[in-house]
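K.L.:
Build me a structure from this.
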Amino acid sequence: MNIRQNMLATGVVSLLAIALVAGLGLWGQSRLARALVDNELNASALRNHLEADMMHDALRADVLEALSSQPGDAAAGEEVRNSLREHGDWFRKALAENAKLPLAPEIRNAITELQPVLENYIHAAENIAGQALKDPQAARLQMPEFSQRFSEVESRNAALSSQIEASTAQTRELSESAVRQAAWWLIGGSLLAALALALLTRQLLTRVLKPLEKSVATARAIAQGNLTTPISVDRHDEAGQLQQALGEMQDNLRQMITTIRHESEELRGRSHSLSDTSLSIADGASEQADGATNMAAAMEQMISNIAQVAEHARNAQGIAAQSESLAGSGGQVILGVVDGMSHIAEAVNQSSRSITALGQSSEEIHSIIQVINGIAEQTNLLALNAAIEAARAGEAGRGFAVVADEVRNLAARTAQSTREITGMIERIRETTEQAVNSMQTGVSRVNDGVQMAQQAGTSINEIRQGAQRSAVMVEEISLTIGEQSKASSEVAQRVEMISLVARRNSQAMRELTQTVEQMESSVATLQTSVTRFQL
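P.N.:
Take a look at the predicted model:
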């Protein structure tokens, strides 16, 4: 097994150890959670039972309060009945809540058996309380039976309380046992994982450190110049690969030193040729200096042209700024128009709603006129019937007939007036409909105007933004031209410097000849240094 496999095995064992410890922890946590749920269940059951036991005593207190009340006291009687009803409902609710919980079968059976006894006890309390408010003496005669029912409920509550407490104690013991077992399993798993990791770590150190110490000794010998020490490869893992790499490095160094010795001899010969070449380069550098001087004069002319372009760019920037200002003013005017059109649209809409309301009022008036017309027709019929009856009465009904004629004439005039009003209402309705249609057309046109004004505002803003972008671009151009002018000046300076440098290079090439002679001396020193390696 090589080092990589050992490390992978160590990693796998570490992961398995982590998984083991985590699994044990999760197992213990699940048992603890289940125990906590059981404890919470028993606590809820005990709480509900205590509330029920309190209501058991409260019902008896209500009965005693009813016996102490004065007969005929309506307020006291109503208070006793409300208290009995509240305590009885509370007792039933607490018992029902426990019946819903997943308790032990014997506890659920005890709750089921207690429910009919509870109902009898509540009914007995209600009967005695009702009797006490009417006839306290008769109610006191029923107290022995009520006390018996009270005792029966009390004994069953006590038994149920004992069962719930016993279940709670059992659950608590199970919880403590689960915690202890989880702790022991977790400790054992952790120790086992630690032991396995210790063994694998010891094996890994044994297989890695010794080969590394041998490789370090070999590297130190190479660093001291000893390239003759043999390197044996006796392993096939990563340590063996390291030893093999050190052996290859030793062979390569040996070849490199041999090559350096050979090349230094050739370098000495080439240095002579370099000395002659440097003299030729010095002459060329002098010619380059003369050309750089002519180039500097041309750059001065180009700088003058760039300055003129920069002036034109500044003028264009001013024009762009003026365009932006005009576009901003136009945008403000358009915004005012949009605001005015919006107010007009709101006013037209309000008028349209008012006219629509007028049309609805006309409809209501028309309905009222129809009712009046019906009343006039009924009045006319009644007057006609009255005239007929008056004619039958003869002389005695003559005065009544005159009144009936007047009523009939009044009904006829009323009917005529309602017909005229109906005609007017119809004309008003038609006019209202025409006004509403005109208003709707006006609203549509006003909305179109608002939309067009908004579009104009948008266009003005786009024009303003375009002017701003133009101003920015012109400003950037101006800056760029300024930078170009500055750069051109720097180029001119650089050209002059090139001329100066070229002249210096000429001098330097002559000095290079002297340096080449010194390099020949350095090559000799290099050959002396290479000889310290043992090949």
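K.L.:
How many residues are close by residue 342?
P.N.:
Using other Cβ atoms under 10 Å as the criterion, residue 342 is surrounded by 16 other residues. C-beta coordinates here come from the backbone N, C-alpha and C atoms, glycine included.
K.L.:
Walking through the stretch 101-250 of the chain, point out its helices one by one.
P.N.:
With DSSP state H, counting those that start in this stretch, the ranges of helices along the stretch 101-250 of the chain come out as 105-134, 136-141, 143-223, 238-393.
K.L.:
Could you say which of those helices is packed most deeply?
P.N.:
For these, ranked by mean neighbour count under the definition mean count of other Cβ atoms under 10 Å, the leader is helix 105-134 at a mean of 17.
K.L.:
From the contact counts, what lies against it?
P.N.:
helix 3-68, helix 74-100, helix 136-141, helix 143-223 (3 or more Cβ pairs under 8 Å, 6 or more residues apart in numbering; DSSP states H and E).
K.L.:
what's stretch 49-62 in contact with?
P.N.:
Residues external to stretch 49-62 that are found in contact with it (Cβ atoms under 8 Å, 6 or more residues apart in numbering): 80, 83-84, 87-88, 90-91, 94-95, 98, 121-122, 125, 129, 150, 153-154, 157, 160-161, 164.
K.L.:
Stretch 244-252 now?
P.N.:
If you take Cβ under 8 Å, 6+ apart as the criterion, stretch 244-252 is touched by 215, 218-219, 222, 227, 229, 231, 233.
K.L.:
Try it again at 10 Å.
P.N.:
Counting by Cβ atoms under 10 Å, 6 or more residues apart in numbering, stretch 244-252 makes contact with 214-216, 218-219, 221-222, 226-233, 235-236, all of which sit outside it.
K.L.:
Disregarding flanking residues, what is the spatial nearest neighbour of residue 94?
P.N.:
Residue nearest to residue 94 in three dimensions, not counting chain neighbours: residue 52, with 3.9 Å by Cβ to Cβ, 6 or more residues apart in numbering.
K.L.:
Show the pLDDT at the one you found.
P.N.:
Residue 52 carries a pLDDT value of 80.
K.L.:
any weak-confidence spans in the stretch 51-200 of the chain?
P.N.:
Low-confidence segments of the stretch 51-200 of the chain, defined by pLDDT under 70, are located at 72.
K.L.:
chain center to stretch 153-171: distance?
P.N.:
When C-alpha coordinates are averaged (Cα atoms, centre = their mean, to the nearest Å), stretch 153-171 and its chain have centres 50 Å apart.
K.L.:
Could you report the neighbour count for the closest residue to residue 196 other than its chain neighbours?
P.N.:
Ranked by Cβ to Cβ, 6+ apart and with sequence neighbours excluded, the top spatial neighbour of residue 196 is residue 13, at 5.3 Å. Burial of residue 13 is recorded as 16 neighbouring residues (other Cβ under 10 Å).
K.L.:
Can you name the residues that contact residue 13?
P.N.:
193, 196-197, 199-201.
K.L.:
Report the contact partners of residue 160.
P.N.:
Under the criterion of Cβ under 10 Å, 6+ apart, the contact partners of residue 160 comprise 45, 49, 52-53, 95, 98, 106-107, 110-111, 113-114.
K.L.:
Need the max-distance pair from the residues you listed.
P.N.:
Looking at the contacts of residue 160 by Cβ to Cβ, the two members farthest from one another are 53 and 106, with 18.7 Å of separation.
K.L.:
how much space between residue 486 and residue 493?
P.N.:
Applying Cβ to Cβ, to the nearest Å, one obtains 11 Å for the distance of residue 486 from residue 493.
K.L.:
and stretch 304-315, what's its mean pLDDT?
P.N.:
Per-residue pLDDT over stretch 304-315 has a mean of 66.
K.L.:
ok, now how distant is residue 417 from residue 424?
P.N.:
Note on residue 417: its distance to residue 424, by Cβ to Cβ, is 11 Å.
K.L.:
before we move on, what SS does the residue of the chain most remote from its centre have?
P.N.:
Relative to the centre of the chain, the most outlying C-alpha is that of residue 395, 100.0 Å out, by Cα atoms, centre = their mean. Using DSSP: H, G, I helix; E, B strand; the rest coil, the secondary structure recorded for residue 395 is helix.
K.L.:
Break the chain down into its structural domains.
P.N.:
3-212, 252-530 (automatic domain parsing).
K.L.:
As a markdown table, those with distance to residue 240 would be great.
P.N.:
Listed next are the domains of the chain as a markdown table, based on distance: least, Cβ to Cβ, whole Å:
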| stretch | distance to residue 240 |
| --- | --- |
| domain 3-212 | 7 |
| domain 252-530 | 19 |
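K.L.:
Between those domains, which one is closest to residue 242.
P.N.:
Taking Cβ to Cβ as the criterion, domain 3-212 is the member of the domains of the chain that comes nearest to residue 242, at 7.1 Å.
K.L.:
Select, out of the helices of the stretch 101-250 of the chain, the one closest to residue 9.
P.N.:
Among the helices of the stretch 101-250 of the chain, if distance is taken as Cβ to Cβ, the winner is helix 143-223, at 6.4 Å.
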